[in-house]
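>>> Next comes the sequence, and after it the predicted model I'd like to discuss.
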Amino acid sequence: MRVLVTGGAGFIGRGVVGALLGRGDFVTALDDLSNGSEANVAEFRGRAGFHFTRGDVADAAAVSAAFRDAGRCIHLAAIIEVQRSIDDPRRTHQVNITGTLNVLEECRKRDVPLTIVSTCMVYDTAGDRGISEDHPANPASPYAATKLAADVLALSYRQAYGLPVAVVRPFNTYGPFQKSNQEGGVVAVFLRRVRDGKPLQVFGDGTQTRDLMYVDDCVDLILRASDAKDVGGVVNGGTGKDIAVNDLARVIAGPTGRVEHVPHPHPQSEIRRLRCDPAKARKVLGWEAKTTLEEGVRRTREWMSR
């Protein structure tokens, strides 16, 4: 299979590219490197079946050129930082919505199946049950709003044109190659601060929860959705368990580590509870997250130490 992976030099994109190459697919990775890194795909350089092209999904010509002879597309390219979307909603719209439209149009013209990697941030906070695919949407930032709009646009192509489209909404993904500055995920940020001998900084009161999924499990979900004939539109992915950020900080810091609370940079866009209901992924794709939080944190810590 010849697969185009947009955002292929990003954290999750790099994992998808590696998994596709590992099973013998030919892969083109399209990335403008505004968030991804050439270092993420350095190990694939010179490997038979891999091609990297630098380009912006908001540029229709760049997207068209990247498609070449692709028989399938996995679309991860996006502006994903909440604060950046608040500071620059116009650019967020260009990449996340116009960029998705450009990908959709190429898929429509070429009859190429599309898997869009979205986000759990489109949802309202979880109640007593986990968040299923029919949970109410309540985007609290331009990032979440543009991702939801892109999802709905893609699903309209599924309805109007019969384009094979799957929308995957992973919950909070972490693991090796994730950024560990303030643009990164909470696990990576906490691990870096421990490594550097700094106190862990918890935003707000720390009672907000996250469903933390190891990157290998996320990649497995994306590939299963891409390979499936029809996932029925949207499919969520997560462990089905959530942990308060306070508790996560204590797990990572250990009994002697320092933890401090700091003002939240964007409290208006905080989702108080994120916990996935992965029942549909289990039923439709035979998928479930296999990596425990303890094991995932250990692997990420070991990678970061290297």
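Cool, the structure landed. Residues are numbered from 1 along each chain as shown.

>>> show me where the chain has helices.
In the chain, the helices defined using DSSP state H lie at 11-22, 60-67, 82-87, 89-93, 99-110, 142-161, 186-195, 215-227, 245-253, 279-285, 293-305.

>>> Any idea which of these gets closest to residue 170?
Evaluated over the helices of the chain, closeness to residue 170 peaks at helix 215-227, with 4.9 Å, by Cβ to Cβ. Bear in mind the C-beta positions are built from the backbone N, C-alpha and C, glycine included.

>>> Point out the other helices and strands that the closest one packs with.
If you count contacts as 3 or more Cβ pairs under 8 Å, 6 or more residues apart in numbering; DSSP states H and E, helix 215-227 packs onto helix 11-22, strand 72-75, strand 114-117, strand 165-170, strand 172-174, strand 234-237, helix 279-285.

>>> Can you give the distance from it to the centre of its chain?
Distance of helix 215-227 from its chain centroid, counting by Cα atoms, centre = their mean, to the nearest Å, is 11 Å.

>>> what comes up buried for that helix?
Residues 215-226 are the ones in helix 215-227 that count as buried (16 or more other Cβ atoms under 10 Å).

>>> Among the residues you listed, which one sits closest to residue 70?
When those are ranked by distance to residue 70 (Cβ to Cβ), residue 226 comes first, at 12.1 Å.

>>> what sits against the closest one?
3, 72, 74, 113, 115, 166 (Cβ atoms under 8 Å, 6 or more residues apart in numbering).

>>> if we go to 10 Å?
Each residue near residue 226 by Cβ atoms under 10 Å, 6 or more residues apart in numbering is listed here: 1, 3, 5, 16, 20, 72-74, 113-115, 117, 164, 166, 168.

>>> Of these, which is the most crowded?
The most crowded member of these is residue 5, carrying 32 neighbours; neighbours defined as other Cβ atoms under 10 Å.

>>> what are the bridge partners for it, then?
Going by DSSP bridges, residue 5 is paired in beta bridges with residue 29, residue 74.

>>> quick one: low-confidence ranges for the stretch 151-300 of the chain?
182-184 (pLDDT under 70).

>>> Which among the helices of the chain is found nearest to residue 236?
That would be helix 279-285 among those, by Cβ to Cβ, at 6.5 Å.

>>> Any chance of CSV for the helices of the chain, columns distance to residue 261?
Below are the helices of the chain laid out as CSV (distance: least, Cβ to Cβ, whole Å):
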stretch, distance to residue 261
helix 11-22, 27
helix 60-67, 43
helix 82-87, 18
helix 89-93, 29
helix 99-110, 37
helix 142-161, 24
helix 186-195, 14
helix 215-227, 28
helix 245-253, 9
helix 279-285, 34
helix 293-305, 21
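
>>> who touches the residue lying farthest from the centre of the chain in this structure?
Going by Cα atoms, centre = their mean, the residue of the chain most distant from its centre is residue 256, 32.3 Å out. By Cβ under 10 Å, 6+ apart, residue 256 lies in contact with nothing.

>>> what does the one 4 residues further on give?
Residue 260 sits next to 198-202, 249 when contact means Cβ under 10 Å, 6+ apart.

>>> before we move on, the earlier item: let me have the helices and strands packed on helix 215-227 in a markdown table, extended by distance to residue 124.
Below are these laid out as a markdown table (distance: least, Cβ to Cβ, whole Å):
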| stretch | distance to residue 124 |
| --- | --- |
| helix 11-22 | 24 |
| strand 72-75 | 24 |
| strand 114-117 | 20 |
| strand 165-170 | 13 |
| strand 172-174 | 16 |
| strand 234-237 | 14 |
| helix 279-285 | 18 |
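
>>> Please flag which of the contacts of residue 260 sit within strands.
Within the contacts of residue 260, residues falling in strands by DSSP state E are 200-202.

>>> what's the closest of the residues you listed to residue 297?
Minimum distance to residue 297 across the ones in strands among the contacts of residue 260 is 13.0 Å, recorded for residue 200 (Cβ to Cβ).

>>> residue contacts, residue 89?
Here residue 89 is in contact with 79, 141-143, 145-146 (criterion: Cβ under 10 Å, 6+ apart).

>>> okay, these in TSV with neighbour count and distance to residue 121 next?
Listed next are the contacts of residue 89 as TSV, based on neighbours: other Cβ atoms under 10 Å; distance: Cβ to Cβ, whole Å:
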residue	neighbour count	distance to residue 121
79	22	12
141	22	7
142	22	11
143	25	7
145	21	10
146	25	11
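
>>> Can you say which two of those residues are spatially most distant?
79 and 145 (11.9 Å).
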